[in-house]
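S.K.: this is the structure alone, sequence omitted:
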């Protein structure tokens, strides 16, 4: 799967959900094991017992360390009784792998050193080198960077031997060769091999987990932190779904999230890792988790205390805001009363002005035209006063309703609801901005109905704006509408339109570049639009 197909945040939510269902996956695994144990109890023939013990060993290998060792030893005992050297060697190799996972590295090497590799079949030789390689991998991991040079050297030798005998189209070849390329800093080849191999591995398996953990290792070496976390999350999800208790991806992801400040998730993941390690019961994982658990847990507790302080502060702020809101409502009511009185006075004044205009119209035809223009201008004022009163009335109703809701919720102690109500969503802000722009466009075009036509006269024919009276202004025209109103400062324009300074600068430059004469005189011509015309 390509990185961009599922964002990291979405994948982390999926991981959270998987952790919540972890016991379901564990129960499914236990049912499989229970079925195998039932078959063992019903079988007496050693030749039939051996494959059952081998299956139990495989099931327990990354599930419960003690049980894995128990049934591997039982399988080895049956193999000796059957005097089957193939079974004996298979069981010895398996025992060495399980001892390595438990942190018993010298014991594992002792078992492998006693096996004559020259007498092994091809698949046994592959398993032999894989076991050797796992011993050194776990040993290097256990040392945590201390005295590992010799171990890394031996690991590299074993890895080369394994790569030489693996089929080039196999999963083992892909993961081992890609690790080799990563260590050689040839990241492009490693990435190509690993991403191609993802299509051949079934999800929710141990193989899928390992493949994604190696991809995470690749991006760790490439210093690509987001992709590292992405593939660690995929690996951890696969481990949980496959009920793999012997894991490392979840713990590593917890440390990265802790470093990034996501304390709550880091705490959740590290505690799940600890629970898995205790379930698996191997000292290697317990020691690793013990190194980081106290740090993350302490940080989580401090973060919790910090959040509680913030909550108390927010409650105080909400209380203060409630008082301010009450004062604001009283103030708005008084202002409405003043506006209402002013409206009545304006109505009387406008009536007298209309009478005077009629008298002037009889006296002089030319003056009558001017008086009609003045009357229409006064009508526009009335329209805007009416709009202002309607907007004020609407917001007063909103504030009154909000006050009643706040009072009711304060009385019932629903402070969380109040916090949620007082947080303006991006959708509401966008709606209010859109309404503001629509009102601005209507008002401006009512004052300057020929504004777009006059702008087009200043532009080259192929750059002119198609426009009719039912349209709103676009972003570029709205910038120059403000310039026509005398707002020429980029900061003021950006604040009103909620754009960045760079955007305002780009719009001004873009329109000026379309002008017939793109010089500094262009904006002055825009500011003169409508001056020689009466308002209509």
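M.R.: Yes, it's here. This one's a predicted model, so the numbers in the text were calculated from it and none came from an experiment. Numbering: from 1, shown residues only.

S.K.: relative to residue 412, how far out is residue 182?
M.R.: From residue 182 across to residue 412, the span is 60 Å (C-beta to C-beta, to the nearest Å). Just so you know, the C-beta spots here come from the backbone N, C-alpha and C atoms, and that holds for glycine as well.

S.K.: okay, the two: which has more neighbours?
M.R.: residue 182 (22 against 9; other C-beta atoms under 10 Å).

S.K.: my guess is residue 133 contacts residue 162. True?
M.R.: Yes. With the criterion set as C-beta atoms under 8 Å, residue 133 and residue 162 qualify as a contacting pair; they are 6.0 Å apart.

S.K.: intersection of neighbour lists for those two?
M.R.: When contacts are counted by C-beta atoms under 8 Å, 6 or more residues apart in numbering, the set common to residue 133 and residue 162 consists of residue 176.

S.K.: which residues touch stretch 498-508?
M.R.: In this structure, residues lying in contact with stretch 498-508 by C-beta under 8 Å, 6+ apart are 433, 475-476, 479-480, 490-491, 493-494, 497, 523.

S.K.: what subset of those is buried?
M.R.: Among the contacts of stretch 498-508, those buried by neighbour count (16 or more other C-beta atoms under 10 Å) are 476, 479-480, 490, 493-494, 497, 523.

S.K.: could those go into a markdown table alongside secondary structure, distance to residue 234 and pLDDT?
M.R.: Conversion of the buried ones among the contacts of stretch 498-508 to a markdown table gives the following (DSSP: H, G, I helix; E, B strand; the rest coil; distance: C-beta to C-beta, whole Å; pLDDT from 0 to 100):
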| residue | secondary structure | distance to residue 234 | pLDDT |
| --- | --- | --- | --- |
| 476 | helix | 46 | 89 |
| 479 | helix | 47 | 92 |
| 480 | helix | 51 | 89 |
| 490 | helix | 47 | 89 |
| 493 | helix | 47 | 90 |
| 494 | helix | 43 | 89 |
| 497 | helix | 43 | 87 |
| 523 | helix | 56 | 86 |
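
S.K.: what is the helix or strand where residue 131 lies packed up against?
M.R.: Assessed by DSSP states H and E, residue 131 sits inside helix 122-143. Packed against helix 122-143, as judged by 3 or more C-beta pairs under 8 Å, 6 or more residues apart in numbering; DSSP states H and E, are the following elements: helix 85-101, helix 105-113, helix 149-165, helix 171-183, helix 283-363.

S.K.: all helices of the stretch 351-500 of the chain, in order?
M.R.: With DSSP state H, counting those that start in this stretch as the definition, the stretch 351-500 of the chain shows helices at residue ranges 365-411, 415-421, 426-447, 451-457, 475-484, 490-497.

S.K.: just for the chain, where's the confidence low?
M.R.: For the chain, residues meeting the criterion pLDDT under 70 lie at 1-5, 283-309, 363-399, 402, 421-429, 520, 532-536.

S.K.: per-domain residue ranges of it.
M.R.: Taking automatic domain parsing as the criterion, the chain consists of the domains 303-423, 438-527.

S.K.: first-to-last residue distance for the shortest one?
M.R.: If I follow you right, that is domain 438-527. As for domain 438-527, its first-to-last residue distance stands at 22 Å under the measure C-alpha to C-alpha, to the nearest Å.

S.K.: now the contacts of stretch 498-508 in CSV, with distance to residue 36?
M.R.: Formatted as CSV, these follow (distance: C-beta to C-beta, whole Å):
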residue, distance to residue 36
433, 65
475, 69
476, 73
479, 75
480, 79
490, 75
491, 74
493, 75
494, 70
497, 70
523, 84
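
S.K.: out of those residues, which is nearest to residue 209?
M.R.: Comparing the contacts of stretch 498-508 against residue 209 with C-beta to C-beta places residue 433 closest, at 47.7 Å.

S.K.: once you drop chain neighbours, what's closest to the closest one?
M.R.: Beyond its immediate neighbours in the sequence, the residue positioned closest to residue 433 (C-beta to C-beta, 6 or more residues apart in numbering) is residue 498, lying 6.0 Å away.

S.K.: now swap in residue 279 and tell me
M.R.: Nearest residue to residue 279, sequence neighbours excluded (C-beta to C-beta, 6+ apart): residue 245, at 4.8 Å.

S.K.: if I pick that neighbour, what's in contact with it?
M.R.: By C-beta under 8 Å, 6+ apart, residue 245 lies in contact with 62-64, 276-277, 279-280.

S.K.: where's it relative to residue 70, distance?
M.R.: Distance, residue 245 to residue 70, by C-beta to C-beta: 16 Å.

S.K.: and residue 180, by the same measure?
M.R.: Separation of residue 180 from residue 70 (C-beta to C-beta) stands at 35 Å.

S.K.: cool, residue 511 as well?
M.R.: Following C-beta to C-beta, the distance that separates residue 511 from residue 70 is 81 Å.

S.K.: these two touch, right, residue 512 and residue 518?
M.R.: Yes. Distance between residue 512 and residue 518: 5.3 Å, which falls inside the contact criterion (C-beta under 8 Å).

S.K.: so which of these two has more stuff around it?
M.R.: When neighbours are counted by other C-beta under 10 Å, residue 512 and residue 518 differ, and residue 512 comes out ahead with 18 against 15.

S.K.: buried ones in the helix or strand in which that one is found, by neighbour count?
M.R.: Residue 512 belongs to helix 501-513 when assigned by DSSP H and E. When neighbours are counted by 16+ other C-beta under 10 Å, the buried residues of helix 501-513 are found to be 503-504, 507-508, 511-512.

S.K.: same question for stretch 522-535.
M.R.: Going by neighbour count (16+ other C-beta under 10 Å), the buried part of stretch 522-535 is 522-523, 526, 529-530.

S.K.: and for stretch 249-267?
M.R.: For stretch 249-267, a neighbour-count test (16+ other C-beta under 10 Å) marks 249-258, 262-263, 265-267 as buried.

S.K.: in strands only, show me the residues you listed.
M.R.: Judged by DSSP state E, strands contain none of those.

S.K.: ok, which pair from those residues is furthest apart?
M.R.: 249 and 263 (19.4 Å).

S.K.: quick revisit: and which of the buried residues of stretch 522-535 is nearest residue 354?
M.R.: Out of these, the member with the shortest distance to residue 354 (by C-beta to C-beta) is residue 530, at 24.1 Å.

S.K.: you'd agree that closest one is up against residue 445?
M.R.: No. Using C-beta under 8 Å as the test, residue 530 is too far from residue 445 to be in contact (11.2 Å).

S.K.: overlap in contacts of these two?
M.R.: The contact sets of residue 530 and residue 445 overlap at residue 451 (C-beta under 8 Å, 6+ apart).

S.K.: and the residue nearest the centre of the protein?
M.R.: For the chain, the residue sitting closest to the mean C-alpha position, by C-alpha atoms, centre = their mean, is residue 9 at 3.2 Å.

S.K.: if I look at it, how far off is residue 219?
M.R.: Distance, residue 9 to residue 219, by C-beta to C-beta: 17 Å.

S.K.: and what of residue 150?
M.R.: Residue 150 is 28 Å from residue 219, by C-beta to C-beta.

S.K.: residue 136 now?
M.R.: When C-beta to C-beta is applied, the distance between residue 136 and residue 219 equals 23 Å.

S.K.: the more surrounded of these two?
M.R.: The residue with more neighbours, out of residue 136 and residue 219, is residue 136; 24 against 21, by other C-beta under 10 Å.

S.K.: what about residue 442, how many residues nearby?
M.R.: Under the neighbour criterion other C-beta under 10 Å, residue 442 is assigned a count of 13.

S.K.: please apply the same query to residue 172.
M.R.: Close neighbours of residue 172, defined as other C-beta under 10 Å, add up to 18.

S.K.: look up the closest residue to it, ignoring the ones flanking it.
M.R.: residue 166 (5.2 Å).

S.K.: return the distance of residue 205 relative to residue 258.
M.R.: Relative to residue 258, residue 205 is positioned 28 Å away (criterion: C-beta to C-beta).

S.K.: what's the answer for residue 87, then?
M.R.: Computed as C-beta to C-beta, the residue 87 to residue 258 distance reads 46 Å.

S.K.: what is the end-to-end distance of stretch 96-107?
M.R.: Start and end residues of stretch 96-107 are separated by 7 Å (C-alpha to C-alpha).
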